[in-house]
Structure formats: C-alpha cells, structure tokens
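[1] Provided below for reference: sequence and predicted model.
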Amino acid sequence: MVETLENTTFDVQAIRQHFPVLNRVVKGKPLVYFDNAATTQKPQVVIDALAEYYKNYNANIHRGIHSLAEEATAAYEATRDTVQQFIHAKEREEIIFTRGVTESINLVAYTWARTNLKAGDEIIISGMEHHSNIVPWQLIGEMTGAKLKVIPVNDNGELIMDEFHQLLNEKVKLVSVVHASNSLGTINPVKEIIDAAHKVGAVVMIDGAQSTVHLDIDVQELDCDFFAISSHKVYGPTGIGVLYGKRALLEAMPPFMGGGEMIKDVSFEKTTWNDLPYKFEAGTPNIADTVALKAALDFVSGIGKATIRQHEDALLKYATEQLQSIDGIRLIGTAKQKVSVASYVVEGVHPQDLGILLDNQGVAVRTGHHCTQPLMNRFGIPGTTRASFAMYNSKEEIDVMIAGLHKAIKLLR
C-alpha cells in the first residue's frame, strides 16, 4: 500500500514494485522506460481501481437511484474533491472533467475565447508551446480576427521575458502558456506572466500537462484563470483530464457540448443549462478512468511531491553530466529551472535512428519534434532524442542509456 512509503527515505526499488510494467523485458533486455513526458506508467493501485469499478459497481452516474449508480457517482465525485485538493482550487465546482489537456484548452478556446474575442484583439502564447496550445488559438484567430503573438525563446530554452512585457498592451485579451515544456523541461515563470497579464486585463490559461506531476500546484496562489491537467502524465489513466477555471468565468461561458447532464430543463423552444461543473460535462463521462485518477493522485500524495522532485532532480543532474561527457552530443534546453527532461541531438545522427538502436538495448526514449515543431525550427533541428524521468527511474538505468548511446554512436558514425 502507498501508506508504507510515507515519511520514509526514498527507496526507488520499493517504488518500482508498484509498477508491474517495469518487469517487462524488451528485445531481450530489461525495460528502461524514459518516455515519461509522453505518458507515465501506472501503479497497481490505479490498475486495481479500474478493475474494481468494472467488477463491482459499473453503472452510469448522477441519474440512477439504485445502489450501483449511487456507488459509481460517489466514487466519480470523490475524484473531483481529490483534484480540488491536489491543485488547491477554491471550490469543487471549478473542477471540470475533460478528455485531457488538449480538450481543456479547446474548451476554453471555443467557449470563452470565441465569445469574448473580436477583430483587433491579441492572444499571446510562447515559442515553446505544444501544438495543442497553438492550433486552437490559430483557429480562434481565423474565426474572430484576433491576432496571435509569440514570446520568443533564448538559446538556453528560456522565455525572453523582456519581450513578453513589450508584447503586453490593452489589446491583449488572452495569454496561454505552458507551465513546463514537454520538449525542453523548462519551467516558465508563470506567476510573473499571470500578474503582468492581469494588469492589462487579460485572462490567463496555463497548460499544466508537464508541471502537475512534478511541481506543487496552487491555482489560487498562482491566480491563473484556467489551468489544464492530463491524468496520464501523473500516473493516472489515459482519456481523462481536468480543466480548472475560476467560477465567475465558467459561469459566464456557454457550454462546450450539448446533450445529457449539461441541461437543467429542455423544451423544443428553449434549453437551460445545468449548474457547474455539469454544464461542461455533457453525456456519459469516462467514469472508470476518472475513478482511477483519484488512486493516482492519492499515490503521488502518499509519497510526497517534494520527495519525488528531489529524486527526479538528482536523476536529471546525473543524466545531464553523463550526456555532456559524450563527444558530439548537444543538449537542447539548458534552462536554470527544469523538470526532469533531457533532450539532446547527436552530431551526424538522426534522432529516429538513435531511438531505434536504444530500443534494441531495451531503452525507451522519445524521438522527433514532440509536437513542438516551431520550437524545433527555433533551434534549427528536425527533432531531438528526449529522455524524461519519473519517480521509478534510477541512475543505473541512466548508465544503461549512456552505454547504449556509445554503442549506437559508434555504429551510426
């Protein structure tokens, strides 16, 4: 149980016992999983929570009066309470369940932005955004006439904040930035961004896909207007995410989708909307995965983010030192403040070739542009090899990757 890990010295081998997939053998080698920024592996308690729902109380929620429906509803809503506590939201009604960060951003785009923006307005994003935080705003710009402005990135992979402050003016109505970069690991100064944006009357959306698993999140302290979370990046199931929004904004926004649950009263002449949060949760939701998300968040809280972060920071430091010792490797993203992501390119070697050869050694890394093509263009590269670390990774696994790199580079050169 998770409780046995509380208030003890961090023991990575004890942590690993909670993740069945880490026992896999890949191509004759023990699995080394360094693709955590894409998705984290799931502890047994999450797998059990999914199975428990389907085995014992599978039912649709909110509308049923029989026992299974009441149990399913209670478990689903318990996750909302856990998320509220996990990110320190003021009210549980400010927690909206979505399919993930992509849907959360699109929800804000097609409800708040589409309603409030007009020709001549400006939207600010950053040069390190995931495509999910670029494309929706481009679409909204085409619909409303609002213009997109971009905060540039320096050679270390940090936002040029002087440029951001110069972009701010009374025309800026929305700022939407990533908290921590999936490609570089850079932790952005979102509190500074939020405070400055609010001074010109802009609303701020924060993409927390990569930050929520690593950093303590307090949306009230940040004072962000919207914050998006992805379950599968924080050891939870795929297909479920969260949009946090301030109540006043959510109340004023039109629904995202129409259907069941999001209504209060329907006639052929007029429909009235349900109260928060259900106004934005049309149809039968992803009940099982939402229930299991609570198990994931409880697991992380039981170990403690500070403890996890200390371990991950040590892994990043060690990996960075080892990578820098290899001739011809160039690190992409050397910001002072980072989550545990190490991206690199090898001179004369395509990232995809490197990824294939590392996989032959059992090492799972991500290669390519990581859905951040404009950022790759900024650095003049087609993509990187990205190793991203989680609580269950070890220095010994990094040694395996480094040995695999030496073999691969020798072969490819």
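    Nice, thanks for sending it over.
[2] Backbone dihedrals for Ser176, both of them.
    The phi and psi values for Ser176, taken as degrees, to the nearest 10, are phi -130, psi 110.
[3] How about the secondary structure of the closest residue to it other than its chain neighbours?
    Taking Cβ to Cβ, 6 or more residues apart in numbering as the measure, Ser176 lies nearest to Met205, with 4.0 Å between them; neighbours along the chain are not counted. Heads up, the C-betas are built off the backbone N, CA and C, glycines and all. Assigned state for Met205: strand (three-state reduction, DSSP: H, G, I helix; E, B strand; the rest coil).
[4] Correct me if wrong: Met205 contacts His179.
    No. Applying Cβ atoms under 8 Å, one finds Met205 not in contact with His179, separated by 10.6 Å.
[5] Which residue of the two possesses the greater neighbour count?
    Neighbours were tallied for Met205 and for His179 using other Cβ atoms under 10 Å; the higher tally belongs to Met205 (28 against 25).
[6] Show me what the more buried one is bridged to.
    Beta-bridge partners recorded for Met205 (DSSP bridges): Ser176, Phe226.
[7] Pull the contacting residues for it.
    105, 108, 133, 174-177, 224-228 (Cβ atoms under 8 Å, 6 or more residues apart in numbering).
[8] Adding distance to Ala248, pLDDT and neighbour count, write those out as a markdown table.
    Output for the contacts of Met205, formatted as a markdown table (distance: Cβ to Cβ, whole Å; pLDDT from 0 to 100; neighbours: other Cβ atoms under 10 Å):
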| residue | distance to Ala248 | pLDDT | neighbour count |
| --- | --- | --- | --- |
| Ile105 | 20 | 98 | 28 |
| Val108 | 14 | 98 | 27 |
| Asn133 | 23 | 98 | 25 |
| Leu174 | 16 | 98 | 26 |
| Val175 | 18 | 98 | 29 |
| Ser176 | 19 | 98 | 28 |
| Val177 | 21 | 98 | 25 |
| Cys224 | 14 | 98 | 28 |
| Asp225 | 9 | 98 | 25 |
| Phe226 | 12 | 98 | 26 |
| Phe227 | 15 | 98 | 27 |
| Ala228 | 18 | 98 | 32 |
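[9] Gln85: which of these is nearest?
    Nearest to Gln85 among the contacts of Met205 is Phe227, at 14.3 Å by Cβ to Cβ.
[10] Please verify my assumption that the closest one contacts Gln84.
    No. Taking contact to mean Cβ under 8 Å, the distance of 11.9 Å between Phe227 and Gln84 leaves them out of contact.
[11] what about the helices in the stretch 51-200 of the chain?
    With DSSP state H, counting those that start in this stretch as the criterion, the stretch 51-200 of the chain has helices at 67-87, 101-108, 114-116, 135-144, 161-167, 190-199.
[12] All set, thanks.
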